[in-house]
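S.K.: Prediction below, plus the sequence it came from.
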Amino acid sequence: MNPVPDVFRILPEVILTVTGVAIMLIDASLPVGFPRRPLGWVAAIGTTLALWASLWQLSLPMGTGFFGTVETSPFTVFFHVLICGIVLVALLLSLDTLPEDSHHQGEFYALIVFGAVGMCLLTGAVELLLVFIALEISSISTYILAGYRKETGRGPEAAIKYFLLGSFATGFLLYGIALIFGATGTTQIYEIAHLAPTAQNHSLVLAALALMLVGILFKVSAAPFHVWTPDVYEGASSPVVALLSTAPKAAAFALLLRVVYEMFPSLHNLWAPLLWVVAVLSMTVGNLAALRQQNVKRMLAYSSIAHAGYLLAAFAGAGTTGIAAASFYTAAYAAMNVGIFAVITLASGYNDERPMIDDFRGLIYRSPLLGSLLLFFLVSLVGIPFTGGFFGKFYSFSAAVDGGAIALAIIGLLNSGLAAAYYLRLALAAAQREPSGTSRQANAAPQVGVAVGAALLLAVAATLVLGIVPGEVLRAAQSGAHTLQAPPLEGYGLQPVRSSQQ
């Protein structure tokens with residue numbers, strides 16, 4: 001069998017990188033005042049090609065490239081496709097909602113594409129130093145995107161808070177990498193999986209696990225590492241929040257699955273109860289805080305914290321059951337969350353002129369399409385049957401029950417009922433008629449362009465497919481779950497190393 005060229009292992013990342021560089025070069029060559037909107041289409045085309053390249057990687061044999069630092073497997077392909085799909089929808093959303101006179105549009109599209117490079121690389125990295133580099137590529141892009149609206153005070157405030165707290169979280173992750181290297185003498189994930197159980201200094205291994213979990217749980221905004229989420233969601237523009245709330249979290253959850261199930265499977269009895277507690281905290285804190293919010297984006301920020309808890313419940317599942325359930329829930333949450341933020345972008349405006357729940361009053365009468373879509377995505381977030389949210393929660397809680405965490409599943413179901421209260425409040429506001437004295441001009445029906453219409457169509461289609469015929473996606477998640485385990489080192493062209501403590 002001919003060896004697979006290493007570049008094929010990172011083909012989606014190569015395409016995205018070339019796309020980002022091309023956007024920056026074209027942007028620099030265009031005269032001042034020339035429309036930059038076509039650059040968004042360049043980014044969308046490049047992302048579509050990267051999505052195709054990810055699917056094409058299924059034809060490659062499983063294995064690693066670049067000296068065992070990056071892997072191609074059904075697991076990595078699943079998350080590559082998911083991330084590229086989210087980025088594509090976010091780009092389409094931005095094309096119609098980003099103001100024509102906004103500054104540095106080319107850089108905006110390039111940052112989204114470069115962020116996608118880091119996210120995709122993060123899901124395929126099997127070397128901790130590459131994990132750190134990929135995380136930084138993704139994080140730096142999202143830090144800048146969070147503060148893109150410089151004309152408002154909330155934008156720079158969101159970026160600064162996100163950057164400072166994110167830097168601390170990255171420091172925890174990096175310190176954990178240093179400790180596991182000290183315990184095993186390697187940063188290769190498969191080698192660590194073989195050496196960690198027999199490491200002489202077991203306390204270093206435990207400390208490394210704890211520190212790495214802190215860094216990753218911050219990225220998924222799980223309680224008690226969630227304090228950045230409401231301010232960043234409120235301060236960033238809605239198209240950026242549609243991206244921030246889904247794609248980086250999908251990459252971070254893929255990393256978390258790899259760390260706990262592939263790198264530290266021998267410590268299952270330690271990390272499983274810890275994630276059990278974090279899941280309960282995230283559900284409860286997120287839902288209770290969301291009940292008190294009047295700002296729609298802050299409410300959805302706390303909702304995302306609760307959904308991180310629902311997803312973490314799947315980690316109580318044993319082996320492939322928990323991995324497949326977590327992967328499926330990540331896809332379901334991404335579809336419905338990027339969709340609802342698309343609706344909010346159109347309904348409240350790019351600059352959040354109508355940010356409160358009361359501002360959505362009568363939306364279904366002003367714009368029947370947007371009002372209906374808002375209700376649809378809220379129904380999915382609640383977890384009503386025939387939507388992706390229902391099967392996402394069903395598989396997650398089923399995995400928890402199969403793993404013996406029946407109490408966790410019950411707490412999750414109770415929290416789902418609690419969440420229905422604030423989702424219903426927004427739904428009722430959208431379905432109520434406006435007061436008779438309301439200005440028609442102030443509440444004019446939002447215009448739905450071609451690009452944002454395509455974004456909404458993709459989000460609705462994904463949510464319906466995951467809710468009505470989820471079998472194909474679930475099989476893809478299960479196929480990825482079966483490949484997420486440490487293989488024999490020799491089978492991947494790796495040589496065992498001796499622990500530095502031996």
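M.R.: Looks like it arrived, so ask away.

S.K.: In this structure Ala405 contacts Ala313, no?
M.R.: Yes - taking contacts as CB atoms under 8 Å, Ala405 lies within contact range of Ala313: 7.3 Å. Backbone N, C-alpha and C define where each C-beta goes, glycine included.

S.K.: The two: which has the busier surroundings?
M.R.: Remark: of Ala405 and Ala313, Ala313 carries more neighbours, 32 against 25, as counted by other CB atoms under 10 Å.

S.K.: And that one, how far from Ser416?
M.R.: Distance, Ala313 to Ser416, by CB to CB, to the nearest Å: 11 Å.

S.K.: residues in contact with Ala208?
M.R.: 176-177, 179-180, 183 (CB atoms under 8 Å, 6 or more residues apart in numbering).

S.K.: Can you name the helix or strand that it falls in?
M.R.: Secondary structure from DSSP states H and E places Ala208 in helix 202-219.

S.K.: Name the residues of that helix that come out as buried.
M.R.: Neighbour-count burial for helix 202-219 flags 204-209, 211-219 (criterion: 16 or more other CB atoms under 10 Å).

S.K.: and what of stretch 343-355?
M.R.: Using 16+ other CB under 10 Å as the test for burial, stretch 343-355 gives 343-350, 352, 354-355.

S.K.: can you check stretch 409-418 too?
M.R.: 409, 411-412, 415-416, 418.

S.K.: unless I'm mixing things up, Glu157 is touching Gly235, no?
M.R.: Yes - here Glu157 reaches Gly235: they are 5.5 Å apart, a contact under CB under 8 Å.

S.K.: so how far is Ser167 from Ala207?
M.R.: Relative to Ser167, and taking CB to CB, Ala207 is found at 20 Å.

S.K.: pLDDT (mean, whole number) over stretch 279-287?
M.R.: Averaged over stretch 279-287, pLDDT sits at 96.

S.K.: Revised request: answer the last question for stretch 466-480.
M.R.: The model assigns stretch 466-480 a mean pLDDT of 94.

S.K.: Can you give me the neighbour number for Phe225?
M.R.: As a burial measure, Phe225 scores 25 neighbours (other CB under 10 Å).

S.K.: typo on my end, Leu291
M.R.: Using other CB under 10 Å, the number of residues around Leu291 comes to 14.

S.K.: and the residue nearest to it when sequence neighbours are not counted, what element?
M.R.: Ranked by CB to CB, 6 or more residues apart in numbering and with sequence neighbours excluded, the top spatial neighbour of Leu291 is Tyr422, at 5.3 Å. Of the helices and strands defined by DSSP H and E, Tyr422 is found in helix 406-431.

S.K.: repeat for Thr64
M.R.: Going by DSSP H and E, Thr64 is part of strand 63-65.

S.K.: Mind listing what's buried along the longest helix belonging to the chain?
M.R.: Using DSSP state H, we find that the single longest helix of the chain is helix 154-184. Residues of helix 154-184 classed as buried by neighbour count (16+ other CB under 10 Å): 154-159, 161-163, 165-166, 169-170, 172-177, 179-184.

S.K.: Show me what it is packed up against.
M.R.: helix 128-146, helix 189-195, helix 202-219, helix 229-235 (3 or more CB pairs under 8 Å, 6 or more residues apart in numbering; DSSP states H and E).

S.K.: and these as JSON lines, adding distance to His104?
M.R.: Below are the helices and strands packed on helix 154-184 laid out as JSON lines (distance: least, CB to CB, whole Å):
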{"stretch": "helix 128-146", "distance to His104": "10"}
{"stretch": "helix 189-195", "distance to His104": "38"}
{"stretch": "helix 202-219", "distance to His104": "26"}
{"stretch": "helix 229-235", "distance to His104": "18"}
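
S.K.: Dump those to JSON lines, plus mean pLDDT.
M.R.: Shown next, in JSON lines, are the helices and strands packed on helix 154-184 (pLDDT from 0 to 100):
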{"stretch": "helix 128-146", "mean pLDDT": "95"}
{"stretch": "helix 189-195", "mean pLDDT": "92"}
{"stretch": "helix 202-219", "mean pLDDT": "95"}
{"stretch": "helix 229-235", "mean pLDDT": "92"}
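
S.K.: sorry, back to before: report the contact partners of the residue nearest to Leu291.
M.R.: Tyr422 makes contact with 287, 290-291, 293, 299, 303, according to CB under 8 Å, 6+ apart.
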